[in-house]
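Engineer: what would the 3D arrangement of this be:
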Amino acid sequence: MPVQRPTFRTLDAFECAALMGMHHVGRLAFSFRDKVDIEPIHYAWSDGWIYGRTADGSKLRALAHNRWVAFEIDEVNALFDWRSVVVKGSLYILSPTDDGPLHGEWDHAIALLQRVIPGAFTEDDPTPERAVVFRIHADHITGRAASP
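Structural biologist: Presented below is the predicted three-dimensional model:
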C-alpha cells in the first residue's frame, strides 16, 4: 500500500495577513546578548502591524537594547494539517502622551486591543498590570502550511 505524503507549501501575503487577523494569541521572540526568550502574548493585527500589551519587567529591559523581534502564530489541526506565520520587525513602545510621529497610535492600539479583550484599559480590565502598549511593524512576513 503506498504511503500518502503530506504536502507543504508557502503561504502568500494575503493568506498570512488573513491568518494573523483570525487569531489573537501568538509568541513574541526577542534576544539580549546571548539569551533568546519567547513568550506568549495576546495581540491584535491591523494593516501590517501587531499591537500588544505587557507589564513592566525583564522583557521590556531586553527590548530597550534590541527592538528587533520575531512573532509567530500557528493554527494546528493535526500533525500534517497546520498553518504557521512568522513576522519579523521592530517593536515600538506607545505612550498616551506621545506628540511625536506616533501621535494618535495609542488610541488606535487601545481600540484594537479592546476588540480582543473588551475590558482592557477600563475598570473591568482582567490584566491591569499590563499597561505598556506596543506595536510591531511586519517588516518581513512568511507563512507555511501542511496538508495531508
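Engineer: hey, let's count contacts and neighbours off CA atoms from now on
Structural biologist: Will do.
Engineer: how long is stretch 61-76 end to end?
Structural biologist: End-to-end span of stretch 61-76 (CA to CA, to the nearest Å): 32 Å.
Engineer: hang on, I meant stretch 8-17
Structural biologist: Chord length of stretch 8-17, first to last residue, is 19 Å (CA to CA).
Engineer: please pull out the lowest mean pLDDT helix or strand from this structure.
Structural biologist: helix 58-65 (a mean of 80; mean pLDDT, DSSP states H and E).
Engineer: run through who's touching it.
Structural biologist: Contact partners of helix 58-65, identified using CA atoms under 8 Å, 6 or more residues apart in numbering, comprise Phe30, Ser31, Phe32, Leu91.
Engineer: try it again at 7 Å.
Structural biologist: Counting contacts by CA atoms under 7 Å, 6 or more residues apart in numbering, the residues outside helix 58-65 that touch it are Ser31, Phe32.
Engineer: and the longest helix anywhere in the chain, what does it pack onto?
Structural biologist: Once the chain is assigned using DSSP state H, the helix that runs over the most residues is helix 105-116. Secondary structure elements in contact with helix 105-116, counted by 3 or more CA pairs under 7 Å, 6 or more residues apart in numbering; DSSP states H and E, are strand 35-46.
Engineer: how close does Leu79 sit to Ala146?
Structural biologist: In this view, Leu79 and Ala146 are 9 Å apart by CA to CA.
Engineer: more crowded one of those two?
Structural biologist: Set side by side, Leu79 and Ala146 give different neighbour counts by other CA atoms under 10 Å, the larger being at Ala146 (17 against 10).
Engineer: burial of Gly48, as a residue count?
Structural biologist: By the criterion of other CA under 10 Å, Gly48 has 15 neighbours.
Engineer: partner strands of the single longest strand found in the chain, parallel or antiparallel?
Structural biologist: Scanning the chain for the strand with the most residues, using DSSP state E, yields strand 81-94. Strand 81-94 has these partner strands in its sheet, going by DSSP bridges: strand 68-78 (antiparallel), strand 132-137 (antiparallel), strand 140-147 (antiparallel).
Engineer: ok and the shortest one relative to strand 35-46, angle-wise?
Structural biologist: By that I understand strand 132-137. Direction vectors for strand 132-137 and strand 35-46, defined by axes from the mean of the first three to the mean of the last three CA atoms, to 10 degrees, enclose an angle of 80 degrees.
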